[in-house]
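Asks: Below are the sequence and a predicted model; questions follow.
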Amino acid sequence: MLNNFLRTITLSLIVATNKTMNTPPEFSELSPYVDPRDQAQILSRFCTIAAQGALRNALPKDFGGFGDGFAALCQTHRQLGKAGRDPGLLLMVNAHLWGTVFPVLLYGTDTQKQQFLPKLISGDWLGGHAITEPSCGSDVQAMTSHAERTEQGFILTGEKRYITNVPLADWLVVYAKLDGKITAFLVSSQDQGCTFSNVGSLHACRGSVTGSVILADCKIDTDRLLGKAGAGAQMIQKALEYERAFVFAGIAGIMQWQLDEVVRHSRDRRSGGVHLGKHQAISHRIADMKLRLDTIELWLNECARLCDAGQRLTMASAQTKLYAAEAFLQSSLDAVQIMGAAGLEPGNTMAELVQDALAGRLFSGSSEVQKNLIAALLGTGDAYRGGAAAGLS
């Protein structure tokens, strides 16, 4: 009831207008948090940006999208990051888009697309995907959640943990094994036998929620199967490729704000009779921050180009995620170092961003996972099945 009330109030106050690629939303209606931060505020901010068009880029007009491309999506997310400075909200948006919206668009039946996409794209429904389990992370084949066929549909059993947008989500794409093969299902928070909880909440990216899903003989109809039975592993890979490619588009906006703030501080702060930026120890850190930000932008542009051209981005998305995650962490540390003690004051955004940046090295696959993937795509590491190297004589 609270979710529906908040959505009704927020969406009635803001009229979304179609934006072109050159004019992303300003997100001027995004109100700051009032401590203590709670789920009502988190959902309200999501509804606010949804009403301003944050979820409509790179999606067909037939379902409420703008009918533009991924370059426009990057611009919108970057502006959202700069305006909101909220990695949690960005994580929430990306889990919604790549976890539910695009899988339904790519693999859903015509009926599923008509049923789900308009409400997901408008923000009337909040989505996500449930892959991770208490004892299963990057190794998706180790998942134990399973599905059984019935005359009416399926029965799902298992537990998912650290799921972004739970317990606020209305719908999830839940992955479970059917006949031993990973399969995708559309599961509602209202389904009998399905429970969303706060177990597994995190002390990072606090502008989002993270929780658990308990599937205790959860009964769903046949029409809740998403895509082909047994195709879940490939669907997960596709969803994560998109997520890795674009989850840092918004964070690039935050990094631009970080850079602007430290440049301002370096001018205003005096040290040794000169402005702080006169010292090379400071100015060189700022130069490194600028270099990292622009390099991320180049990677994001390349991912957008590949997507808009209909080309695969497996390698590029892994490279983007790896570089951007490490760059965000280092620039966040540099920002606090430049700000000095002021950067560690309670409630200071710079200090909070360090913790969020640590999470950035983990979500959508850790930095180590990205390196493994890059090596495999180069034909070595886990992908190489050749014989043992000959010994030296």
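Replies: Nice, thanks for sending it over.

Asks: what's the helix or strand where residue 293 lies packed up against?
Replies: Assigned by DSSP states H and E, residue 293 belongs to helix 280-308. Helices and strands touching helix 280-308, by 3 or more CB pairs under 8 Å, 6 or more residues apart in numbering; DSSP states H and E, are helix 70-84, helix 232-268, helix 314-339. Where C-beta positions appear, they are placed from N, C-alpha and C, glycine not excepted.

Asks: mind listing what the helix or strand following the second one pairs with, with the direction of each?
Replies: Secondary structure here is assigned by DSSP H and E; on that basis, the next helix or strand after helix 232-268 toward the C-terminus is strand 270-271. Looking at strand 270-271 with DSSP bridges, its paired strands and their directions are strand 274-275 (antiparallel).

Asks: how far does the partner strand sit from the chain's center?
Replies: Mean C-alpha position of strand 274-275 versus that of the full chain (CA atoms, centre = their mean, to the nearest Å) differs by 40 Å.

Asks: what does stretch 76-87 give?
Replies: 13 Å.

Asks: picking that back up, who wins for proximity to residue 120 among the helices and strands packed on helix 280-308?
Replies: helix 232-268 (14.2 Å; CB to CB).

Asks: To residue 379, which of the helices and strands packed on helix 280-308 lies closest?
Replies: Taking CB to CB, helix 314-339 is the member of the helices and strands packed on helix 280-308 nearest to residue 379, at 11.8 Å.

Asks: Would you reformat the helices and strands packed on helix 280-308 as a markdown table and include mean neighbour count and distance to residue 204?
Replies: Below are the helices and strands packed on helix 280-308 laid out as a markdown table (neighbours: other CB atoms under 10 Å; distance: least, CB to CB, whole Å):
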| stretch | mean neighbour count | distance to residue 204 |
| --- | --- | --- |
| helix 70-84 | 23 | 16 |
| helix 232-268 | 22 | 13 |
| helix 314-339 | 22 | 12 |
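
Asks: looking at these, which is closest to residue 168?
Replies: helix 70-84 (17.4 Å).

Asks: now the angle from the closest one to helix 232-268?
Replies: 50 degrees (axes from the mean of the first three to the mean of the last three CA atoms, to 10 degrees).

Asks: for helix 70-84, packing partners?
Replies: Applying 3+ CB pairs under 8 Å, 6+ apart, we find helix 70-84 packed against helix 39-51, helix 87-96, helix 232-268, helix 280-308.

Asks: swap the cut-off to 6 Å and go again
Replies: helix 232-268, helix 280-308 (3 or more CB pairs under 6 Å, 6 or more residues apart in numbering; DSSP states H and E).

Asks: Now do it: everything it contacts.
Replies: Here helix 70-84 makes contact (CB atoms under 6 Å, 6 or more residues apart in numbering) with 21, 24, 27, 30, 54, 57-58, 90, 249-254, 256-257, 300, 304, 307-308.

Asks: pLDDT on it, on average?
Replies: Mean per-residue pLDDT for helix 70-84: 96.

Asks: got the helices and strands packed on helix 70-84 as CSV, with mean pLDDT and distance to residue 36 columns?
Replies: What follows is the helices and strands packed on helix 70-84, written out as CSV (pLDDT from 0 to 100; distance: least, CB to CB, whole Å):
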stretch, mean pLDDT, distance to residue 36
helix 232-268, 95, 22
helix 280-308, 97, 31
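
Asks: Make CSV from these and add distance to residue 346 to it.
Replies: Supplementary listing: the helices and strands packed on helix 70-84 in CSV, determined by distance: least, CB to CB, whole Å:
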stretch, distance to residue 346
helix 232-268, 18
helix 280-308, 24
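
Asks: With respect to residue 365, which of the ones you listed lies nearest?
Replies: helix 232-268 (6.3 Å).

Asks: how far is the closest one from where the chain is centred?
Replies: From the chain centre to the centre of helix 232-268 is a distance of 9 Å (CA atoms, centre = their mean).

Asks: what does stretch 39-56 give?
Replies: Taking CA atoms, centre = their mean, the mean C-alpha location of stretch 39-56 is offset from the chain mean by 15 Å.

Asks: CA atoms only: put it into PDB for me.
Replies: C-alpha atoms of stretch 39-56 as PDB (Å, rounded to 0.1, in the frame of the first residue of the first chain):
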ATOM      1  CA  GLN A  39      12.800   3.000   2.400                       C
ATOM      2  CA  ALA A  40      10.000   5.500   1.800                       C
ATOM      3  CA  GLN A  41      12.500   8.200   0.800                       C
ATOM      4  CA  ILE A  42      14.400   5.700  -1.400                       C
ATOM      5  CA  LEU A  43      11.300   4.700  -3.300                       C
ATOM      6  CA  SER A  44      10.100   8.400  -3.500                       C
ATOM      7  CA  ARG A  45      13.400   9.400  -5.200                       C
ATOM      8  CA  PHE A  46      13.100   6.500  -7.700                       C
ATOM      9  CA  CYS A  47       9.600   7.600  -8.600                       C
ATOM     10  CA  THR A  48      10.700  11.200  -9.000                       C
ATOM     11  CA  ILE A  49      13.400  10.400 -11.500                       C
ATOM     12  CA  ALA A  50      11.100   7.800 -13.300                       C
ATOM     13  CA  ALA A  51       8.600  10.600 -13.800                       C
ATOM     14  CA  GLN A  52      11.300  12.800 -15.300                       C
ATOM     15  CA  GLY A  53      12.200  10.100 -17.900                       C
ATOM     16  CA  ALA A  54      15.200   8.400 -16.300                       C
ATOM     17  CA  LEU A  55      14.000   4.900 -17.400                       C
ATOM     18  CA  ARG A  56      13.000   5.700 -21.000                       C
END
